[in-house]
Structures are given as structure tokens and as C-alpha cells.
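[1] okay, predicted coordinates and the sequence, questions at the end:
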Amino acid sequence: MAELILSDITVMGPGYCVIGLEQVSAEIYRSVRPMPLRAFAWREPFPYKRGDGVRFDPVPTVVSRPHVEDQQSRGLILTRQSTPEDELVACLRKAEVSKDLNDLFECSLQVSDRGGRALWVKPAEAKRSVCGCEYDNIRFRLFADPEGPSLRSEIMLSSGERISSIPVVDREWRRFVAQIAQRIRRADPRPYLERFLNRSIALKLLAAPGRFARIGLPRPKGDQQCWLMLDSLFPQPQDAWLDLL
Amino acid sequence: MSVTQPQDEASIRELILKLTSRELQPSFSVSDNDQDLMATGVIDSMGWVGILSGIEEATGIRNIGASWPEGRAQSVRALVDAVREELDKIKPQCEQQGLRSDATRALSVSVAGWGYCLGSRRVDAATVEQECGLPAGTMFDRAGIRSVSRAGEGETELTLGAKAAELALEAAQVEPDEVDVLVATSATSLGFPSLAALLHTRLLLRESCVAIDVGGACVGAIHALATAKALLVNARRRSALVVASEVNSQRLCHPGVPGEFRGLFGDGACAFVLSSLDDSDGKAWRMGDFVSGCSGAFSSSLQVGLRPTGELEVDFKGEQLASAAITTINQVIGNLEDLTGIGRSEVEYLALHEPNPRLAEIVAQRAKIPLERLTRTAETCGNLGSVTCGMNLCKALTHLQERSEDSRHRIIYVAAVGPGILWAGTYLFWDSMVRRVAAPTS
């Protein structure tokens, strides 16, 4: 049985992609992506949250780049109390961490030559599909989507580099934004929502000592491009922040 | 960047089709203008945002993604309609700007926000004298400096400049993604990427926001204001951020730099948000015209360069420079009087560069200006290079803002000199002064 601390729960279509930290030694953790037997994502009901300790029975898995962390399993079992966020971030800092953009997936990044300025990598070149990094500034943008406002961000890494137009797939941040949107009683809440995120919420993030981001890669589609996604953004949103509205 | 907006439906459609075609999934095509691009899988969510971002860059429309109505089809026709609707909304503004005369447009740029910050370490004059090998008491007796502000650990031109910029943006209630132009100046930031590039990234300004570095050392802030204003006046841009930031303590900390020069300087940053929108309801500090030039006669009085070995080389003739600075600042004030038709006795505040506080006092004495109408920085912070007159301008604006509104029918002169001898000046005036200020140049 393998034991993990759940570190990333990201929205992936109708389900969730999950990554956990496996302790290799006192000072080293590594990312493992436990998956159901016949799918990439877990479906509802998915009762777990970041920080939860889980164990699972690994099944031999064929992995392909860049998703070298994939590990099929027969299911997750809760093992212990949740790890507090500050401790989780401390563990994440002992896992895959990058000082700069090029080190994120140990391959060169490509800038979209189309309209969005988003970044992508070639799947065959990336050595991993998730990596942590420190950030010094963040802004949010919302785009219309039939399934609700689509959240993107601009991040400035501590290396001084910028990741533009990166989709936020962090489950908790997506839920938080949906909650704010519900509270804003306007026909179109998005402009107010964006302003609230960039004023009140971004300040909370930037003032926090446990500021950390995990950048991930989705599965490549036909165009053989893996776009960078914001898998986890720490600190995680807090219910109390809704009262700032 | 400046944008040329598509004028008719055909050119809007052409733009949308071009943007859509480059976001298409491989082997897909658009069958008709009503095809829902997302629902039919012709483009994915990355492509959709790519199209919206492309529209924003090509048209200057802000945030078209956030104003897309829920439930509206994501088709070429819907995109064309959305762009047309947004262009209709901003058309009156653009037409109004286009119809204004050059003179009116030049007076339509206002200072919407300002802020400054200093290096977090305060070093008293006695310590500076010891460090720089100066006789005790000379810092205050000769230069009028009681202490200097120096950057603390981790403080750089970037961090100080970013802090000042955030304060100015907050005061102006302008979001970083609303900034169209960033102009930065620093005599001490010598590396690449340049300070403007670093600030642009640090503040996460839009990628299409102009980022320019200007020089001038102690006149740098005025050069930066002039550049920003010109870029606002001559194109459909709305907001500019001007940042001056200097960390002299690190740049000048070399044995080869004379102590009497090194000891004068402190570290800090200031920032201004300029706005070209005439939505101030008659309550705004307008930016006036600029005077600027270079009188090379005393250029040898201060020469700073890098030796081939990379060491800083400073040739400083203090008395000659002081004499040239006093005369030149006085001349700049005279030029501003000529430009505005308003005498120095009527000016509410003068925000001057202070090579050192004693020189500022002599300038005031010669120019017959009461000392209380000079805002002062160098006595407690040291000479902050380009930041000095910018910070003095911030202080003047804050003092006047704190007064009741009726008393703000005033004008501020800003003047500075720098190595070269470069000189520059400008003025800010409250709205009610528009007619009076505009008269001499109209």
C-alpha cells in the first residue's frame, strides 16, 4: 500500500485529477498521481480535500511522458487527519520545485503565437507533469464559458518571469469564485468579481508567507501541445474572505 | 501599443475570421458564421481565450471576455456583434478625443495618483561622515543633510519602484491591467532587463502596455512625465504609469567614488499615474507643458562612467556644479513663468530637485521664494537623484489635497537639473486654472 498526502485536486472535465505527495526521505517528497483503473479522473462523489492522508493499492501502470507520476489504483482510503496547509506547503517545497520557467518541466517552454499568450510544452520533451514554484505577484481574469466564468491568472514567479493567461484548474479556487459570483447580485457579476479578486483577494495572497503555486500539464490533445495549468494556488481560499465582499 | 480600430462590419468580420482560423483545432474548419465554435469542438477553451485576447489587442476593447453574456453562442457572428457593440460604446469617447484641438488634448492629461517610498534604513549624518571619511559636522553644515534613507536588505530599484507604483495606482484607483504606458527612469539600475521591463512584469501589466526607459539622471522624473504625457496625447491611450527609482547606496559604494559625493545620496522611488480621460468633473491636477534643454558649459562638473574594468569612475567638481545648478534651476523657473504667464509669487508650491538642501535654500533665496513653498526631501533622505523632485511633487500634491477644495485653485512648478547640464521643468495646475494657463500658448 502506498501513502500520500493529497496536494492537488484539479478540475478535469466532469471529474477531478488528483496528485499526492509520497515521502521518499525526511527531506524529499515526490508527486504521485493516483488514478482510477479505467480513467484519468475521479468522479463525484469525491470526498477528499487537499491535505488528506490517503493510502491506495498501486496497480502496474504504463506511463507516458509527461505524466510520469501516473499510478493506477483500485481506490483511495482515508488514513488520518488532514495535514494543515502550512505543513502541506512545507512538504510541497520538498518535492519538485523550480527556480525558473525552464526548470518547471525540465524542457523549453513555448509561447503561444496565437492570441492568448499562454505557455505550452511539447509532451515528448517534458520530464514531468507537475512542479511547484514560488510567486511574487498574481492577477486574475475571467472569461465567459458556457459552464460558468472561466478563471485564468497571470503569475510573476520569484525568478522575475511571467506566466500569462494560465487557466486556474484548482478545485477550491474554482468553487470559491463560483461562490463569490453567486453573492454578487448583478446581472453580470464578472467585472465586479474580477475587481474583487484582484483587489481584496490578491492582497491576501501576496501578504501570506505560505505563498506557493503548483503548475501542471494536462494530457495532450491532437495538436501535441500541453498547456500550462495552475493546479494549486496557496494559500487556498478561505470562507472568511467572502466577507470582504 | 496603439491600435487602429476596425471601422465597419466587414473589417470586424475579417479580423474575427483571422483570429479564429489561427486557433482552430487541427483538421477542423468553420462551416458558417453561426456555428458554435466551442460546442462543436472546432476550438477548445485555450483557443477561445486566444480569440478574445486577440480581439482586445487588435481593437483596444478592454475585457471583452468578462462582458460576454452567459448563454450567448460562441460563434463568429456573435463575436462580430460583441465587438461592434463594444466599439459603439467607446466610439463617442474616441470621437471626442479626435475632435479636440492639439492644445485642448495637451491640457487633458491629469495626474490621477501618486506615491513614494524610501529605503527602509535611516542612516544619520554622523555615520555617513564616518563611512565617507568626511570631517564631523560637514554633512549638515555644508550640505544641510541630517540623515539619508538607504535601501535595506532585499530592496532594489525594482522593489522600491513597484511599491511606489502600487501606491500611485491605488490612489488613482487604476488597476494594473488598465495601464497603457509605463515609463521608468533610474540612473542606478544599469542591468538588463531594464527597469521598465522588470516593473512591467512585476506589476503584471498587460503585455500590450508600452514599457519605456528614459534617462536624464536627476531630471529623469520630468523626462519620464513628458514622455508619458506625449504618449497619452498622441494616441488612444488612457492611463500611464511613471516610475522613478534609485538605489544610490549600492551603485556608489566604491572606494573610487569621492566621499563628499557618495555621502549626499539616499535611496527611494516615486510614481505617478497620468490619465487622459476627461472624466474628472472639474477636479483634477492637469499636467502642463514642459521646458527642457541642455547647457553643456558645465558638463565636466559631474561625470560618472564605468572603467573598462567595470569600476565606477566619478569626476565631481562640487562647487562648479553647485553654482551651475543654482543658476539653471532659477532659469527653469523663469521659463515656466514665461510659459504659463504666472509669476513665481503666485505659485503654491515648487517641487525642485535638491542636489543638497543648502542649494535648495540658496535657490529659494535668489529666486525670492519663501522656503515654506518648497517641499523638501533631501534634509532627511539625502539626494535621491531623479526621485528628489518627483517626491517633492508628491508632497506638494498631498499637501494641497489635504486642504479644502476651494483653496486648490493653484499651480505647482516642478524643476530639476542633472549632469550635462540637463534641465527640465513642468507645471501642474488645478482645473479652474485651465483658461488662465492655456492663454499664453493658445
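    Yes, it's here. Numbers count the residues shown, from 1 in each chain, chains lettered A, B, ... in the order given.

[2] quick check: can you list the domain ranges of the chain?
    Assuming you mean chain A. As assigned by automatic domain parsing, chain A contains the domains A:2-91, A:98-244.

[3] if you could check chain B rather than the one you did, that'd help
    What automatic domain parsing lists as the domains of chain B is B:9-99, B:105-441.

[4] now mean neighbour count, distance to chain B and mean pLDDT too, for the domains of chain A, in TSV please.
    (C-beta placed from N, C-alpha, C; glycine too.) TSV is the format used below for those (neighbours: other C-beta atoms under 10 Å in any protein chain shown; distance: least, C-beta to the nearest C-beta, whole Å; pLDDT from 0 to 100):
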stretch	mean neighbour count	distance to chain B	mean pLDDT
domain A:2-91	16	11	94
domain A:98-244	19	3	91
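
[5] which one, of these, ends up nearest to residue B:400?
    Closest approach to residue B:400 among these (C-beta to C-beta): domain A:98-244, 26.9 Å.

[6] how long is the closest one end to end?
    One end of domain A:98-244 sits 33 Å from the other (C-alpha to C-alpha, to the nearest Å).

[7] centre of the chain to that domain, how far?
    How far domain A:98-244 lies from its chain's middle: 8 Å, per C-alpha atoms, centre = their mean, to the nearest Å.

[8] okay, the domains of chain A in JSON lines with distance to residue B:233 next?
    Output for the domains of chain A, formatted as JSON lines (distance: least, C-beta to C-beta, whole Å):
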{"stretch": "domain A:2-91", "distance to residue B:233": "46"}
{"stretch": "domain A:98-244", "distance to residue B:233": "28"}
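
[9] quick check: longest helix in chain A by residues?
    helix A:171-183 (DSSP state H).

[10] and for that helix, what are the contacting residues?
    Contact with helix A:171-183 is made by A:9-11, A:16, A:49-50, A:142, A:148-149, A:151, A:168, A:189-190, A:193, A:196-197, A:233, A:236-237, A:241-242, A:245, as judged by C-beta atoms under 8 Å, 6 or more residues apart in numbering or on different chains.

[11] what about these, which are in helices?
    For the contacts of helix A:171-183, the ones inside helices are A:190, A:193, A:196, with DSSP H as the criterion.

[12] what residues does the stretch 201-350 of chain B put near chain A?
    Residues of the stretch 201-350 of chain B lying close to chain A (C-beta under 8 Å from any C-beta of the partner chain) are B:201, B:202, B:203, B:204, B:207.

[13] quick check, nearest of these to residue B:108?
    Ranked by distance to residue B:108 (C-beta to C-beta), those are led by residue B:203 at 24.8 Å.

[14] quick one: contacts for that closest one?
    Each residue near residue B:203 by C-beta under 8 Å, 6+ apart is listed here: A:137, B:162, B:165, B:166, B:169, B:176, B:179, B:182, B:241.

[15] contacting residues for the first one?
    When contacts are counted by C-beta under 8 Å, 6+ apart, residue A:137 is found next to A:155, A:156, A:206, B:202, B:203, B:204.

[16] quick one: the helices in the stretch 151-300 of chain B, in order.
    Counting by DSSP state H, counting those that start in this stretch, the stretch 151-300 of chain B has these helices, from start to end: B:157-172, B:195-202, B:220-233, B:248-251, B:259-262.

[17] make CSV from the ones you listed and add mean pLDDT to it.
    Formatted as CSV, the helices of the stretch 151-300 of chain B follow (pLDDT from 0 to 100):
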stretch, mean pLDDT
helix B:157-172, 97
helix B:195-202, 97
helix B:220-233, 95
helix B:248-251, 90
helix B:259-262, 86
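
[18] export those as a markdown table, with columns for distance to residue B:116 and mean neighbour count.
    Putting these into a markdown table (distance: least, C-beta to C-beta, whole Å; neighbours: other C-beta atoms under 10 Å in any protein chain shown) gives the following:
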| stretch | distance to residue B:116 | mean neighbour count |
| --- | --- | --- |
| helix B:157-172 | 5 | 23 |
| helix B:195-202 | 15 | 23 |
| helix B:220-233 | 11 | 26 |
| helix B:248-251 | 15 | 20 |
| helix B:259-262 | 23 | 18 |
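
[19] can you lay out these as a markdown table showing distance to residue B:27?
    What follows is these, written out as a markdown table (distance: least, C-beta to C-beta, whole Å):
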| stretch | distance to residue B:27 |
| --- | --- |
| helix B:157-172 | 46 |
| helix B:195-202 | 37 |
| helix B:220-233 | 44 |
| helix B:248-251 | 57 |
| helix B:259-262 | 67 |
